[in-house]
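In: Just to be clear, the model below is a prediction. Sequence and coordinates:
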Amino acid sequence: MQDLSATLTTLPRPKLRLRGLLREILDTIILIGAIYALVNLVSVRFIVEGPSMQPNFYTGQVLVVSRLHYMMGNPQRGDIVVFNPPNQPADEPPYIKRIIGLPGDKVEIRETLVYVNDVLIEEPYINEPCRSSMCPDGSWQLGENEYFVMGDNRNHSSDSRRFGPITSEAIIGEALIRYWPPADWGLVNRIAYPGDAP
């Protein structure tokens, strides 16, 4: 019996356990890296800055923005999009706004109210009625691949009223989820407008 225990203690320990453990750790690191790369390929994190989308989005909220949505379809009226505005330096942060007009639409502001194709749109999401100094009468006929965007806080937003329509190439993605702060966590809901496709 003593010989058997002496033999067992003198046998070299297999290195397979250490190799197996190292292999598992390496596989886990590779998997985490692949998931991280995939998530960053199809989505980006966006931090809201400024009052232009109040009362629906506030400074400091963090959103998940899907790049994938518009690879499979076109932006829709009511979508909340993150985009690079025209003629903005590359080091400036992107904007977040709501799509109001789609390619081919005529967007008008008449007496501070917004009309799309001569139909007054109901906007329960805006912060307050727009002042005439911020919403002067105007008309924009959108071309192919042009979108008209506006902030929900019309009196404090730099949007298509100032810089004109944006193109789909300028759009980074659609805001899908609010995840910070935790009290604000939830899905970003798109407003459905009468007459628009679901």
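Out: On my side now, so go ahead.
In: Which of the residues in stretch 181-195 are classified as buried?
Out: 188, 190-191 (16 or more other CB atoms under 10 Å). C-betas here are computed from N, CA, C, even on glycine.
In: Next: stretch 65-72.
Out: Residues 65-67, 69-70 are the ones in stretch 65-72 that count as buried (16+ other CB under 10 Å).
In: and what of stretch 151-166?
Out: Within stretch 151-166, the residues scored as buried using 16+ other CB under 10 Å are 151-155, 157, 159-161, 165-166.
In: Repeat that for stretch 58-65.
Out: 61, 63-65.
In: Reformat the residues you listed as CSV; add pLDDT.
Out: Putting the buried residues of stretch 58-65 into CSV (pLDDT from 0 to 100) gives the following:
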residue, pLDDT
Q61, 97
L63, 96
V64, 94
V65, 96
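In: Which two among those are spaced furthest apart?
Out: Q61 and V65 (12.1 Å; CB to CB).
In: Now flag whichever of the buried residues of stretch 151-166 is closest to N87.
Out: Of all the buried residues of stretch 151-166, I166 has the smallest distance to N87: 11.1 Å, by CB to CB.
In: Mind listing the residues bridging to that closest one?
Out: Counting by DSSP bridges, I166 forms beta bridges with Y147.
In: my guess is it meets P85, correct?
Out: Yes. With contact defined as CB atoms under 8 Å, I166 counts as touching P85 (6.8 Å).
In: Name all residues that make contact with the nearest residue in space to W185 that is not next to it in sequence.
Out: For W185, ignoring the flanking residues on the chain, the nearest one in space by CB to CB, 6 or more residues apart in numbering is Y179 at 5.6 Å. Going by CB atoms under 8 Å, 6 or more residues apart in numbering, Y179 touches 62-64, 185.
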